[in-house]
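1. Next come a sequence and a model predicted from it.
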Amino acid sequence: MHAIDVTSSLLASTASGWRGTMAYRPARKQPARPLELYEFEASPYCRLVREALTELDLDALILPCPRHGERFRPKARLLGGKAQFPFLVDPNTGARVYESADIIDYLARTYEGRALRPTRGWRRRIAVGGAYGASALRAWRGVRGLNARASVAPQQALELYSFESSPYSRLVRELLCELELPYLLRNTGKGRVGDLGPPMIRDRVLKAPKDTSRNRKLLMERTGHVQLPYLVDPNTGAEMFESADILSYLRSTYAR
């Protein structure tokens, strides 16, 4: 079943044009305090913002707001006045922004970066269509990352090294969303074309450098190699690679 999930996730990344893979033009500034993004994984419009975060090489505290969720949706309504997602709160500037196009423009302007994400015109319509297709491809056993599931709330936010188009990372983000588990998203986009392709070819044949972006370098220093997803749970001290192991851990630790 996990293999089918991975295949479906791979097709979802293909449908969205593998956007949210590269951090070609990272933001020149990094926010002093983490950006706060209220969103849910299955939303096509939230997907566009997460893609831009990878491309801009910006981290964000993800506050999952799946349908029927009660952990962060009330706060989002309190801060913004409505339950509409994505919703960005920037504690560094006080900005509160709805609408994916406006959020992407705000991030690029404020932190001086350039996302490959088109925010207006026909190219945006194509991007939105691809994002909808990606969500549809993750609906073979019910739409993943859409509905809330009962869970135990962690005292501290978890930490996830990921990039948006990573098929394996998506499986973990979907479950984090459904369980309403907050996490610091460490965007770990690829910094060079040599990073692309299967790890066996990239690492053994091309012998490409692995620390080609900010968080890839941090992950390399922390673990000795770069593999995604990578979960850090400060509540238990657990740290692990492998999406299947992470999913099993999250279910046994937090799911009711």
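-> Alright, I've got the coordinates.
2. quick one: the strands in the chain?
-> Using DSSP state E, the strands of the chain run over residues 35-39, 60-64, 87-90, 95-98, 158-162, 183-187, 230-233, 238-240.
3. what packs against the fifth one?
-> In other words, strand 158-162. The elements that strand 158-162 packs onto, with contact taken as 3 or more C-beta pairs under 8 Å, 6 or more residues apart in numbering; DSSP states H and E, are helix 167-178, strand 183-187, strand 230-233. All C-beta spots, glycine's among them, are computed from the backbone N, C-alpha and C.
4. With residue 101 as the reference, measure out to the residue nearest to residue 112 when sequence neighbours are not counted.
-> Residue nearest to residue 112 in three dimensions, not counting chain neighbours: residue 28, with 4.0 Å by C-beta to C-beta, 6 or more residues apart in numbering. Look at residue 28 and residue 101: by C-beta to C-beta, to the nearest Å, they are 21 Å apart.
5. Same check on residue 9?
-> Residue 9 is 25 Å from residue 101, by C-beta to C-beta.
6. Residue 58 is nearest to which of the helices and strands packed on strand 158-162?
-> When these are compared by C-beta to C-beta, strand 183-187 sits nearest residue 58, at 6.4 Å.
7. Format the CA atom coordinates belonging to that closest one as PDB.
-> What follows is strand 183-187, C-alpha atoms only, in PDB (Å, rounded to 0.1, in the frame of the first residue of the first chain):
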ATOM      1  CA  TYR A 183       5.700  21.800  12.400                       C
ATOM      2  CA  LEU A 184       8.500  24.000  11.300                       C
ATOM      3  CA  LEU A 185       8.900  23.400   7.600                       C
ATOM      4  CA  ARG A 186      12.600  23.500   6.800                       C
ATOM      5  CA  ASN A 187      12.400  23.900   3.000                       C
END
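8. Give me the distance between it and the centre of its chain.
-> 7 Å (C-alpha atoms, centre = their mean, to the nearest Å).
9. Excluding sequence neighbours, find me the nearest residue to residue 137.
-> residue 12 is the one closest to residue 137 (C-beta to C-beta, 6+ apart), at 4.4 Å.
10. wait, what's in contact with that neighbour?
-> Counting by C-beta atoms under 8 Å, 6 or more residues apart in numbering, residue 12 touches 133, 134, 135, 137, 138, 167, 170.
11. rerun that using 10 Å as the cut-off
-> 47, 130-131, 133-139, 144, 165, 167, 170 (C-beta atoms under 10 Å, 6 or more residues apart in numbering).
12. Reformat the residues you listed as CSV; add pLDDT and distance to residue 113.
-> Compiled in CSV, the contacts of residue 12 are given as follows (pLDDT from 0 to 100; distance: C-beta to C-beta, whole Å):
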residue, pLDDT, distance to residue 113
47, 95, 19
130, 74, 22
131, 78, 20
133, 76, 26
134, 73, 23
135, 76, 26
136, 76, 30
137, 74, 29
138, 80, 28
139, 67, 32
144, 85, 29
165, 94, 18
167, 94, 25
170, 96, 23
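13. Show me these that map onto helices.
-> 47, 130, 131, 133, 134, 135, 136, 137, 167, 170 (DSSP state H).
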